[in-house]
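# The sequence and its predicted three-dimensional model are supplied below.
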Amino acid sequence: MTADSSAGRAFRAGRARAQLDDTDLALLRELERDARISNKDLAARVGVAPSTCHARIRSLVRRGVLRGFHAEVDLEALGRGLQALIAVRLHSAYRARLSPVARDLSGRPEVREVYLLGGAEDLLVHVAVEDSAALRAFVVEHLSTRREVAHTQTSLVFEHLVATPLVATGPA
């Protein structure tokens, strides 16, 4: 196998590496584009039999390479058109509570994602709310009043651009 060959590329699935061949990568690429594609259409796009496609997808799920199939929801249609990224720094005495704080925040209905960070900030919290009053209420009630939180910095999201699908470019 040459260094440029994608056959046998190793990708991380959790902590273990999964060996993925060109067919697996093609399936993943198509699913990143459209997770609702039928098995028949997916098989045709990749050039394999539907039974092979089905078995490969089941294997990718079983090995943890595919962790889910998701719908993209229009947040404005749900009345949550204001999005923000909130950087959170904990007091040093509470850094051991980083994971519990993150889990607690991720359970809030306003929260879309929580990232645990290295660097000056400890968490990055992505929220989607109705308006600026709801954003202020979230920051005050669920961040500023927590004894663990030393500092927050809120940045409004004006636009979100989706990056190139990961599989389209291969591993970094």
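Arrived safely, thanks for sending. No experiment lies behind these values; they were computed from the predicted model shown.

# Now the spatially most central residue of the chain, what are its backbone angles?
Most central in the chain under C-alpha atoms, centre = their mean is E113, positioned 7.6 Å from the mean C-alpha point. When read as degrees, to the nearest 10, the backbone of E113 gives phi -150, psi 150.

# The nearest residue to it once chain neighbours are set aside: how many residues sit nearby?
Among residues not flanking E113 along the chain, H126 sits closest, at 4.4 Å (C-beta to C-beta, 6 or more residues apart in numbering). Every C-beta, even on glycine, is put in place using the N, C-alpha and C of the backbone. Counted with other C-beta atoms under 10 Å, residues neighbouring H126 total 16.

# Can you tell me the element H126 falls in?
Assigned by DSSP states H and E, H126 belongs to strand 123-129.

# Can you give me the domain assignment for this structure?
Domain assignment for the chain, taken from automatic domain parsing, gives 9-70, 76-157.

# L166: which of those domains is closest?
Of all the domains of the chain, domain 9-70 sits nearest to L166, with 6.9 Å by C-beta to C-beta.

# avg pLDDT for the closest one?
Domain 9-70 shows an average pLDDT of 87 in the prediction.

# so how far is that domain from its chain's centroid?
Distance of domain 9-70 from its chain centroid, counting by C-alpha atoms, centre = their mean, to the nearest Å, is 18 Å.

# One more: stretch 123-134?
Taking C-alpha atoms, centre = their mean, one finds stretch 123-134 lying 17 Å from the centre of the chain it belongs to.

# ditto for stretch 117-135
15 Å.

# helix/strand/coil for the residue lying closest to R108 once chain neighbours are set aside?
Closest residue to R108 apart from its sequence neighbours, by C-beta to C-beta, 6+ apart: H142 at 6.2 Å. Following DSSP: H, G, I helix; E, B strand; the rest coil, the label given to H142 is helix.

# Would you check that H142 makes contact with S106?
No - H142 lies out of contact with S106 (C-beta atoms under 8 Å); the separation is 11.4 Å.

# can you pull the contacts of the closest residue to S99 other than its chain neighbours?
Of all residues not flanking S99 in the chain, L116 sits nearest, at 7.3 Å (C-beta to C-beta, 6+ apart). Counting by C-beta atoms under 8 Å, 6 or more residues apart in numbering, L116 touches L98, S99, A102, D122, L123.

# what's the answer for L156, then?
L156 is in contact with L82, Q83, A84, counting by C-beta under 8 Å, 6+ apart.

# let's go with 7 Å and repeat that
A84 (C-beta atoms under 7 Å, 6 or more residues apart in numbering).

# Which per-residue confidence value corresponds to it?
Looking at L156, its pLDDT stands at 98.
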